[in-house]
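[1] Next come a sequence and a model predicted from it.
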Amino acid sequence: MHIIDRRLNPGGKSLANRQRFLRRVRDVAQRAVREAARDGDIRDLGKDGNVTVPADGVREPKFSRAPGTGIQDHILPGNKTYVEGDTIERPPGGSGGRGGGQAGDGGEGGEDSFRFVLTREEFLELFLDDLELPDLAKRRLAVVETEALRRAGYTVTGSPANLALTRTLRNSLSRRIALKRPKAEEMAALEAELKALETQEPDGPAVAELRAEVERLRTRSQRIPYVDPIDLRYRRFEPYPRPVAQAVMFCLMDVSGSMTEHMKDLAKRFYILLHIFLVRRYKHVEIVFIRHTDHAKEVDEETFFGSRETGGTLVSSALVEMKRIVAERYNPEDWNIYAAQASDGDNVSSDGPTAQNLLRSAILPACQYFAYLEVGDEGGPRAGFVEHRTTLWRTYEPVSKGDSTLAMRKVNHRRDIYPVFRELFSRKAGQEAASP
Amino acid sequence: MSPAFPAGVATPAAPALIDGSGLLFSGNDWDFDTIRRIHDACEAVAGPELGLSWYPNQIEIITAEQMLDAYASIGMPLFYKHWSFGKHFAQHEAGYRRGLMGLAYEIVINSDPCISYIMEENTATMQTLVIAHAAFGHNHFFKNNYLFRQWTDAEGILDYLDFAKRYITRCEERYGHGAVEAVLDAAHALMNQGVHRYPRKKRPDLSSEQRREREREEHRERIYNDLWRTLPAKAAAGKADLSAERRRALLELPQENILYFLEKVAPRLRPWQREILRIVRHVAQYFYPQRQTKVMNEGCATYSHYRIMSRLSETGRINEAAYLEFLQSHTNVIRQPTYDDRHYGGHNPYAIGFAMMQDIARICTDPTAEDREWFPDIAGSGDPMEVLRDVWANYRDESFIAQFLSPRLMRQLRLFHVSDDPDKPELRVESIHDERGYRRLRRAFARQYDVAWLDPDIEVVDVDLEGDRKLIVHHKVLNRVLLNRDDAARVLQHLADLWGYDVVLKEVDTATGTVLKEHTASARPTFF
């Protein structure tokens, strides 16, 4: 006899089968994913990867007898009143009522559609299918892994700095409940009662009893500490390899008064898509938010999307800020730099040449990719008018002609975001399918 | 199979007992030593006391996820890849995650050595139960039942599956996923029609062929007479001898193993496609005995585990807590709700099997006058295990029920037979558990376990290979029950694709010989 522990065997033995299944339902799954991306909140993308497949596509047909035709025999247990020759009214809803034993385990060929859940990985795989990061080859080979720490559960030992307070108090609470430690308010109530009784009849038998009770509870609560060393839990950290192949994503946005909420929303959606995409390609992605009016500032995400500033518009200020941050923190030798700029296209006309220069000489050489997204009102460019080209568009256009690092698109409606995104990153014909 | 971690193999010494009390374990926890102790204790009961014989055991401990994996590939430790397994995995997983479905405590594989997968989350008692049930009960049945001995090769199955997996992977690399998938889809659709139900004539091997040839030669020499040479020859027989009769004989028609027929005869399949059909056919054949022996197999395993657990409890190897836990799960397993119960879902093979085994044991040791009349051979024989071992070895569900379901048990289960004829306005109770009905009831009940009766009877009848090559398939309709039209059309399409030419399926009433319905399909250029 042998005992073999298979638990440590690598899991996912059925993965190849699942991939084949997904390939089979790819069209349906992809449609579901695209719909989720268009209608749903982009922030929750991939969290709920429910996909329903019509049973037709994944039917496994077998020759089987049709129920309800011909004479069917049923042998049933639990006869109570019937004798031979009795007749029974046909139960409603099909002949035969509950069929014999063979009906239960069929399973296949059911008419219902088949529902299953995509993992986040699979969801994104379908979502970002055919997309490729431009110029990925440049720095991706520098995959020297370094160690870093990340959170991983709890431990019973650790340094005080890592004390997990909530977890510790939860343990303490359950221990106190289990050991019936008297609660503070109960104690207070009893003591108040005792005091009241003592003033009424100082040496009645009830007082002595209550006093003994209070004494008992007090010693009990002293014996059972509020927090015991066995309650303590510490946050555990474990080392993991951190790759140097890392990316930083610059989000530049005009926040001057002319940018409406709608425009910001469009911009945000684009940033989130880009972020998802980058996270999938690089193990480590950082984001830098730079907002600008006539001066630029690095801010956190909330301020970036939330606050509104007044003032003119000076695009070059954002570019200067970006250049400064790149020089300070993100050496292009080590970092893959992506930038996405969203604006309604306004700029002070005198700023044009400066911005153009900056972009050409400093920003684009350092970047893998610079996407300029011009966001417009929901109505979009009115039909019948010659398409109006904004100041900024006219500034960037000549640059983009000569440099494929810069891509420019106009977006007016939420539903355009994903197509535009796909268009920007779709795998070019002939480009080899590179992945980091 | 990926490398495993053979734990506990290095401790062949006599198992240590827990503080000398004789208990195999206390509490719920177990480790590999516990498993080994449990196995040895079960073995001590199963061997000398029950007289079971089994393949060597290999017990593998797996996680819930691995159990789901095993579910997806119909319980086999290695299997070729196909999308339908991925679909089943997604189904099971969704059911399991939502708590709609519990997982089995074990899976046991008919192989030599016999592999039992047991779940890591089972308690020590459950592991004992599972080992007694699978590693001894099922194992004995696999090794001794005639169907398994005849149809399955326990020693070779894992090697064969390994070959199948590699072969199909190689085909995928060579001919593309799509092409292989199409063949597998079609073959799976015909899987139930891919088994031989009766042993075929053994094809003679070379040495016996040579011997026969030699004997014929000797015979010819012995009866040689030169006079024959002088007789005028008959007019040479024309080629027209290929009459329909002879043609069918050459093609071994009628043939109910459709996959076998396609593999051998289909005109346009490539060799690798034939090999894939062969693989699917072999797998179907391997599982065919299991479908025919559900009641007996589970009955054998349940009866064995019940005897083993009871003995372990009597001899103080497991404590009362464990015994109670066992009883609870045992009674859950053998519960048979009555037909009007909300939970009724057909007959529970565990319940019927266990009840019948116990009933046989009772008839052997403590028969009533009725038993003596019904079972003169075994009533009062005094050795239930000998009778049961014989039963387990030589019967399948249908014959087992037809012979051993006792009137007493029919009364106990309160069985009755309802017949549903769509031409009549009401259902009719044909027979119940009384003197008049016992035999008819038992026959009808046994028939419900006859796979040949349950599966639609479909066979290839004729094909004119020199004509339009249209394949003619008959469904022998029993009791006017037709095929499910939708599914039949799909399967027929697969059949036509494999055959390469038109196919017609006629549903022929066995009683009258009239054709009730006809389906046709033409080949699509899927494979060629």
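    Perfect, thanks for sending it.
[2] and the gap between the residue of the stretch 301-450 of chain B at minimum distance from chain A and residue A:419?
    Residue of the stretch 301-450 of chain B nearest chain A, by CB to the nearest CB: residue B:338 (2.3 Å). All C-beta spots, glycine's among them, are computed from the backbone N, C-alpha and C. Here the criterion is CB to CB, to the nearest Å. By it, residue B:338 lies 61 Å from residue A:419.
[3] before we move on, what about residue B:501?
    On the measure of CB to CB, residue B:501 and residue A:419 end up 47 Å apart.
[4] what does the average pLDDT come to for stretch B:297-317?
    Mean per-residue pLDDT for stretch B:297-317: 93.
[5] Which of the residues in that stretch are classified as buried?
    B:297-309, B:311-313, B:317 (16 or more other CB atoms under 10 Å in any protein chain shown).
[6] list the contacts for residue B:445?
    Listed by CB atoms under 8 Å, 6 or more residues apart in numbering or on different chains, the contact set of residue B:445 reads A:75, B:401, B:405, B:415, B:417.
[7] Return the per-residue confidence for residue 104.
    As the question left the chain open, I've gone with chain A. 34.
[8] my question was about chain B
    77.
[9] isn't it right up against residue B:67?
    Yes - taking CB atoms under 8 Å as the definition, residue B:104 is a contact partner of residue B:67 at 7.0 Å.
[10] any common contacting residues for those two?
    Common neighbours of residue B:104 and residue B:67 (CB under 8 Å, 6+ apart) are residue B:119.
[11] what about these two, which has more around it?
    residue B:67 (23 against 15; other CB atoms under 10 Å in any protein chain shown).
[12] Output the helix or strand that that one is a member of in PDB, but only the C-alpha positions, please.
    Assigned by DSSP states H and E, residue B:67 belongs to helix B:64-72. Below are the C-alpha coordinates for helix B:64-72, written out as PDB (Å, rounded to 0.1, in the frame of the first residue of the first chain):
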ATOM      1  CA  ALA B  64     -11.100  20.200  -3.100                       C
ATOM      2  CA  GLU B  65      -9.700  21.900  -6.200                       C
ATOM      3  CA  GLN B  66      -8.000  18.700  -7.300                       C
ATOM      4  CA  MET B  67     -11.300  16.900  -6.700                       C
ATOM      5  CA  LEU B  68     -13.000  19.300  -9.000                       C
ATOM      6  CA  ASP B  69     -10.200  18.700 -11.600                       C
ATOM      7  CA  ALA B  70     -10.900  14.900 -11.300                       C
ATOM      8  CA  TYR B  71     -14.600  15.500 -11.800                       C
ATOM      9  CA  ALA B  72     -13.900  17.300 -14.900                       C
END
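[13] Now the element after that helix, going C-ward?
    helix B:83-97.
[14] elements contacting that following helix?
    Other helices and strands packing on helix B:83-97, by 3 or more CB pairs under 8 Å, 6 or more residues apart in numbering or on different chains; DSSP states H and E, are helix A:15-24, strand A:114-117, helix B:64-72.
[15] follow-up on the earlier one: which of the contacts of residue B:445 fall within strands?
    Under the assignment DSSP state E, the contacts of residue B:445 contribute A:75, B:417 to strands.
[16] could the contacts of residue B:445 be laid out in a markdown table, adding distance to residue A:28, pLDDT and neighbour count?
    As requested, these are arranged in a markdown table below (distance: CB to CB, whole Å; pLDDT from 0 to 100; neighbours: other CB atoms under 10 Å in any protein chain shown):
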| residue | distance to residue A:28 | pLDDT | neighbour count |
| --- | --- | --- | --- |
| A:75 | 42 | 89 | 25 |
| B:401 | 45 | 94 | 23 |
| B:405 | 49 | 93 | 23 |
| B:415 | 46 | 91 | 26 |
| B:417 | 45 | 92 | 25 |
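[17] Count the residues that sit near the closest residue to chain A within the stretch 101-250 of chain B.
    Proximity of the stretch 101-250 of chain B to chain A (CB to the nearest CB) peaks at residue B:189, 5.2 Å away. The number of residues packed near residue B:189 is 25, by other CB under 10 Å.
[18] OK, contacts around it?
    Counted by CB under 8 Å, 6+ apart, residue B:189 has contacts A:60-62, B:490-491, B:494-495.
[19] Next SSE downstream of whichever strand or helix holds residue B:296?
    Element membership for residue B:296 (DSSP H and E) is helix B:294-314. The first helix or strand that comes after helix B:294-314 along the chain, using DSSP H and E, is helix B:320-333.
[20] okay, the angle between that following helix and helix B:294-314?
    With axes from the mean of the first three to the mean of the last three CA atoms, to 10 degrees applied, the angle from helix B:320-333 to helix B:294-314 works out at 170 degrees.
[21] Helix B:320-333: what's the following helix or strand?
    Sequence order places helix B:349-365 as the next helix or strand after helix B:320-333, per DSSP H and E.
[22] Can you name every helix or strand that whatever helix or strand comes next after that following helix contacts?
    For helix B:349-365, the following helix or strand on the C-terminal side (DSSP H and E) is helix B:369-374. Counting contacts by 3+ CB pairs under 8 Å, 6+ apart, helix B:369-374 is packed against helix B:407-413.
[23] Could you tell me how far the helix it packs on lies from the centre of the chain?
    Counting by CA atoms, centre = their mean, to the nearest Å, helix B:407-413 is centred 27 Å from the centre of its parent chain.
[24] ok, and what's touching that helix?
    A:77-78, B:336, B:352, B:355-356, B:359, B:368, B:370-371, B:374, B:433, B:438, B:441-442.
[25] how about the nearest residue to residue A:71, chain neighbours excluded?
    Nearest residue to residue A:71 in three dimensions, chain neighbours excluded: residue B:479, at 4.2 Å (CB to CB, 6 or more residues apart in numbering or on different chains).
[26] I misspoke; the intended subject was residue B:277.
    Residue B:277 sits nearest to residue B:263 (CB to CB, 6+ apart), 4.5 Å away.
[27] From chain A, how far off is that neighbour?
    Note on residue B:263: its distance to chain A, by CB to the nearest CB, to the nearest Å, is 18 Å.
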